[in-house]
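J.: Prediction below, plus the sequence it came from.
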Amino acid sequence: MTTPPHSFANVPPPAPLRVVVADDNPVVRAGLTALLTGREDITVVAEAADGREACEAARAHRPDVILLDVRMPGVDGISALPYLVRISSVLMLTYSRESEIVQEALRRGAGGYLVHGEFTADQLVSAVRDIGEGRPHFTPTAAGALLSQLRQDPRPPRTLPEGLGNARATNPQTNGLDLPHISPPSTSAENLSRMQPDMARSSSGWAGGRPAAPDRSRHRLSTREAEIMDLIASGMTNQQIAATCFISEKTVKNHINRIFAKLHSTSRSEAAAKWLGTAPGPGRGVG
């Protein structure tokens, strides 16, 4: 008796997600490209240094996802957004954490918003895949901005199903509706983590729904050391850092040794926690 052929045996694998990386910092562009190029299901088809180049690359390559920085010379990311979203899904990937910028980016059609320092390399890849499939993705700062916007405009949507949102809690002695006490939703990082469990992981530095930027000046890292520390915090290996910065792995190790000494750290995870401002206990932020 012969075994019937599997119905999916001849189905080809899905085509890789086509991605454009737009950032004015060549080190960041190279780092992102190196991270994404190593994935079988993602292909970086072009890079862009500003919004105008991003639009040209989008028209030429018709990508599935565009990674877009906010602050770029010439045409910035916010200005380019309305044009880019007509062609592709857009994921903001930036150091800009201001609530107003997050909200405006989402109003103009961005499908997600990631702030550097709030995600690992694997989480970035997951976010790109999610955006490519139409699922939004946010890091804690962006999630906090969304909550802030909702609280500033507490009016219910105009299209609620009939009967919802109209009941009133009144004194039961007047035969009115008696609703149990319901506490308002918490703005803690724990609740935000439930919204995006893969991305909103850090509970440190939160105040009013958004994390405070860590003070990195105290660490006294050089410009090159700071660049390498950013790449370490993003999850890059020494080999990836060397390729991104066009230096040897031995030079990378020398930089890391000096970084660890300045951050009083003995591991990459400890150094990253201090660099990102998420180190627990009295040693937090010590450099």
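T.: It's in.
J.: So, low pLDDT: which residues of the stretch 101-250 of the chain?
T.: Regions of the stretch 101-250 of the chain meeting the criterion pLDDT under 70 cover residues 153-160, 162-215.
J.: which residues in it form helices?
T.: Assignment of helices within the stretch 101-250 of the chain using DSSP state H, counting those that start in this stretch yields the ranges 121-132, 140-152, 189-195, 223-233, 238-245, 249-263.
J.: Give me the residues contacting the first one.
T.: Identification of contacts with helix 121-132 by Cβ atoms under 8 Å, 6 or more residues apart in numbering yields 17, 19, 32, 35-36, 39, 41-42, 64-65, 67, 89-91, 93, 111-112, 114, 119, 136-137, 198-199, 234-236. Where C-beta positions appear, they are placed from N, C-alpha and C, glycine not excepted.
J.: Recalculate using a threshold of 6 Å.
T.: 17, 35, 39, 64-65, 89, 91, 111-112, 137, 198-199, 234-235 (Cβ atoms under 6 Å, 6 or more residues apart in numbering).
J.: One more: the last one?
T.: Here helix 249-263 makes contact (Cβ under 6 Å, 6+ apart) with 219, 220, 225, 228, 229, 238, 241, 242, 271, 274, 287.
J.: Which residue ranges make up the domains of this protein?
T.: Annotated domains of the chain cover 17-146, 217-276 [automatic domain parsing].
J.: Tell me which of these sits most buried.
T.: Among the domains of the chain, the stretch with the highest mean neighbour count (mean count of other Cβ atoms under 10 Å) is domain 17-146, at a mean of 20.
J.: circling back: distance to residue 99 for the contacts of helix 249-263 - can I get that in a markdown table?
T.: Output for the contacts of helix 249-263, formatted as a markdown table (distance: Cβ to Cβ, whole Å):
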| residue | distance to residue 99 |
| --- | --- |
| 219 | 27 |
| 220 | 30 |
| 225 | 31 |
| 228 | 30 |
| 229 | 26 |
| 238 | 36 |
| 241 | 32 |
| 242 | 37 |
| 271 | 29 |
| 274 | 26 |
| 287 | 28 |
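J.: Pick out the most distant pair among those.
T.: Spatial extent of the contacts of helix 249-263 (Cβ to Cβ) is set by the pair 242 and 287 at 24.5 Å.
J.: Find the centremost residue of this structure, please.
T.: Centroid-nearest residue in the chain: residue 114, 2.0 Å away (criterion: Cα atoms, centre = their mean).
J.: Quick check: residue 39 is in a helix.
T.: No. Read with DSSP: H, G, I helix; E, B strand; the rest coil, residue 39 is coil and lies in no helix.
J.: so what's it up against?
T.: residue 125.
J.: hmm, try it at 10 Å
T.: Neighbouring residues of residue 39 by Cβ atoms under 10 Å, 6 or more residues apart in numbering: 16, 17, 19, 122, 125, 128, 129.
J.: related to what we said a few turns ago, tell me what the residue nearest to the centre of the chain is bridged to.
T.: Applying DSSP bridges to residue 114 yields these beta-bridge partners: residue 93.
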